[in-house]
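Colleague: The amino acid sequence is not available; the structure is as follows:
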């Protein structure tokens, strides 16, 4: 039987640190991914219940992750205590026998507990930067690739050295919390739609309201009056959590090599549990990415449709101005207006229906976001199994 108290103590600290990471990820989602109903446009109002449902499941997943790592850390602590008690009992028995032979030994003194060091790698220095324009993105991506290549080369060198070493030490591979900065969302162009539409349509919107009974400016721009920066921040927050979960998976899988030399009771159960936990968190990490992409796509789609609707509003404003100008000309203007108004109104109706069609495209996309919840529910069941497995493995370790 081979028991490495130092590595076991470091493993316990690493497991506890992953518990803290899971709690930090939950707090990150709560702070940045939860959308408020106040000052939201019609489209965001549709997103709210779906986003809330997805967020609830996501927080449940991270709760289970924290519970699993907390249970694993506690069990490792109990295992260490059990081995220390056995070690102390054996030492004291040896001291007693030696004393009867006239040989004096000092009292039992457990080896000092080492402290887990800082993580070996972290997110890129530009990880928290906003996207900016395409040229800034290209420059940032190139910088991050260079930084990643340098980090990967260094990591590969360290891995080779560790692989050739006869005694691997437990370390934390990834600084998970470096992937949880405050989201930096760019200023959305969509915020200006009301102002642009107001300049074009505002002066003749009263005429539309006289003809159709409601304000076109208010009706058409209502879906786009929400806080799109917050939507973008929510998208970025989900991406952060997905990347952070990948870091947790790396940290957990890194326990395998240094702990492989442990051959005492429960060692096989620990290695199996660590492997399952790493695989589960790597699988979980893809779900937040799906949700992030869908939120980002919703913002992008809304911006494009808003631009199309702005063009419709301009066309409608020209028709309304023509009606107003012709109606302002005494006698002859009214004759012309009477002849053309019906055709103009039909043209306006067709344009409004086109704008509604584009808005409906966004509504259909919002309803498709339920897929993100389904994927998270699946990984939640995976983590439920993991938590149960760790509990059973823990019982085996200390039995």
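Modeller: Thanks, I have the structure now. Because the structure is a prediction, the values reported are computed rather than measured. Numbering: from 1, shown residues only.
Colleague: make it CA atoms for all contacts and neighbour counts henceforth
Modeller: Will do.
Colleague: pull the longest helix from the protein.
Modeller: In the chain, with assignment by DSSP state H, the single longest helix is helix 42-100.
Colleague: Quick one: list the elements packing against it.
Modeller: Applying 3 or more C-alpha pairs under 8 Å, 6 or more residues apart in numbering; DSSP states H and E, one finds that helix 42-100 contacts helix 5-32, helix 332-368, helix 370-398.
Colleague: try it again with 7 Å
Modeller: helix 5-32, helix 370-398 (3 or more C-alpha pairs under 7 Å, 6 or more residues apart in numbering; DSSP states H and E).
Colleague: And the pLDDT for residue 28?
Modeller: Predicted confidence (pLDDT) for residue 28: 96.
Colleague: List the contacts of it.
Modeller: 180, 237 (C-alpha atoms under 7 Å, 6 or more residues apart in numbering).
Colleague: repeat that for 8 Å
Modeller: When contacts are counted by C-alpha atoms under 8 Å, 6 or more residues apart in numbering, residue 28 touches 180, 237, 241.
Colleague: repeat for residue 239
Modeller: Residue 239 touches 288-289, 292, counting by C-alpha under 8 Å, 6+ apart.
Colleague: let's see 10 Å
Modeller: 179-180, 183, 233, 245, 285-293 (C-alpha atoms under 10 Å, 6 or more residues apart in numbering).
Colleague: What of residue 358?
Modeller: Counted by C-alpha under 10 Å, 6+ apart, residue 358 has contacts 301-302, 304-306, 308-309.
Colleague: of all these, which comes closest to residue 261?
Modeller: residue 301 (53.9 Å; C-alpha to C-alpha).
Colleague: That closest one touches residue 360, doesn't it?
Modeller: No. With contacts counted by C-alpha atoms under 10 Å, residue 301 stays clear of residue 360, the gap being 11.7 Å.
Colleague: Identify the residue spatially nearest to residue 4, adjacent ones excluded.
Modeller: Nearest residue to residue 4 in three dimensions, chain neighbours excluded: residue 262, at 6.5 Å (C-alpha to C-alpha, 6 or more residues apart in numbering).
Colleague: could you redo the contacts of residue 28 as a markdown table and give each row distance to residue 88, neighbour count and secondary structure?
Modeller: Formatted as a markdown table, the contacts of residue 28 follow (distance: C-alpha to C-alpha, whole Å; neighbours: other C-alpha atoms under 10 Å; DSSP: H, G, I helix; E, B strand; the rest coil):
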| residue | distance to residue 88 | neighbour count | secondary structure |
| --- | --- | --- | --- |
| 180 | 43 | 26 | coil |
| 237 | 49 | 29 | helix |
| 241 | 44 | 29 | helix |
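Colleague: so which of those residues comes closest to residue 274?
Modeller: residue 241 (20.5 Å).
Colleague: what residues are up against the closest one?
Modeller: Shown in contact with residue 241 (C-alpha under 10 Å, 6+ apart): 22, 24-26, 28-29, 58, 62, 176-177, 179-180, 247, 285-289, 292.
Colleague: State the distance from it to residue 294.
Modeller: 15 Å (C-alpha to C-alpha, to the nearest Å).
Colleague: Check residue 243 too.
Modeller: Residue 243 is 16 Å from residue 294, by C-alpha to C-alpha.
Colleague: With residue 304 instead?
Modeller: From residue 304 over to residue 294 (counting by C-alpha to C-alpha), the distance is 15 Å.
Colleague: Give me the more crowded residue out of these two.
Modeller: residue 294 (19 against 15; other C-alpha atoms under 10 Å).
Colleague: That one reaches residue 365, doesn't it?
Modeller: Yes. Using C-alpha under 10 Å, residue 294 is in contact with residue 365, at 8.7 Å.
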